[in-house]
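# Build me a model from this:
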Amino acid sequence: MFRLDSSARKIDTVMVMLLYFLFAITAFILILVGIKEYKHTTEVMNDNYEVRTATSYLTEKIRQHDTGYGISTVTIDEENEIEAIALTEVIDSGTYTTYIYYYDGYLRELFVSSDAVYTAESGQPIVEIGNLSINDSTTNSVSLTLTSTKGTKTTMFLSTKSS
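Sure, this is the predicted structure:
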């Protein structure tokens with residue numbers, strides 16, 4: 001019968017241990033690559049969420065208020081020079097305005113009557129964004145530039161029927 005000496009068994013044991021070690025290293029590297037890809041994917045999804053939510057929200061609000069009363073650009077906080085989109089409507093013989101603006105890291109909405117006293121902090125936070133820039137527009141369009149928290153800029157041009 002064929003008999004292995006003790007040195008041959010040691011080499012076999014070392015080879016098996018080396019294979020297990022290589023398997024463990026490969027599995028560890030694969031896990032690290034997966035973690036990096038997962039992190040990148042969640043960052044991109046969060047950036048897309050911010051931009052899509054803000055653009056959809058702005059588009060819908062402007063389209064809802066596209067009436068004869070008009071859509072205008074105003075400054076709501078003279079001290080901080082906060083630009084806002086003013087969407088005016090008449091409800092039960094009272095005039096109300098919805099202001100949409102960027103303040104303190106958030107896209108915000110403030111719905112007030114025309115004679116109300118308010119501050120920029122009064123607005124309801126909608127979604128976290130990096131910035132909102134309201135550009136000068138023609139009488140029948142609104143141009144907005146949204147910046148996500150990661151710095152991605154998106155420019156929107158919305159046509160309106162009212163002037």
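# can we go C-alpha only for contacts and neighbour counts from here?
OK.
# And the spatially most central residue of the chain, how far from Ile62?
With distances taken as CA atoms, centre = their mean, Glu50 lies nearest the centre of the chain, 1.5 Å away. From Glu50 across to Ile62, the span is 18 Å (CA to CA, to the nearest Å).
# Toward the C-terminus from the helix or strand of the chain with the lowest mean pLDDT, list the very next helix or strand.
Scoring the helices and strands of the chain by mean pLDDT, DSSP states H and E places strand 71-77 at the bottom, with a mean of 83. Per DSSP states H and E, the first helix or strand lying C-terminal to strand 71-77 is strand 82-91.
# Name the residues that touch that following strand?
62, 65, 69-77, 95-103, 120, 133-134 (CA atoms under 8 Å, 6 or more residues apart in numbering).
# which among those end up buried?
62, 65, 70-71, 73, 76, 96-103, 120, 133-134 (16 or more other CA atoms under 10 Å).
# Dump stretch 71-79 to CSV, restricted to CA.
Provided in CSV are the C-alpha atoms of stretch 71-79 (Å, rounded to 0.1, in the frame of the first residue of the first chain):
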residue,chain,number,x,y,z
ILE,A,71,-47.3,84.2,-11.3
SER,A,72,-44.6,86.7,-10.3
THR,A,73,-41.2,86.8,-8.8
VAL,A,74,-40.9,88.7,-5.5
THR,A,75,-38.4,89.3,-2.6
ILE,A,76,-40.0,88.2,0.6
ASP,A,77,-37.3,88.9,3.1
GLU,A,78,-35.6,92.3,2.3
GLU,A,79,-32.9,91.7,4.9
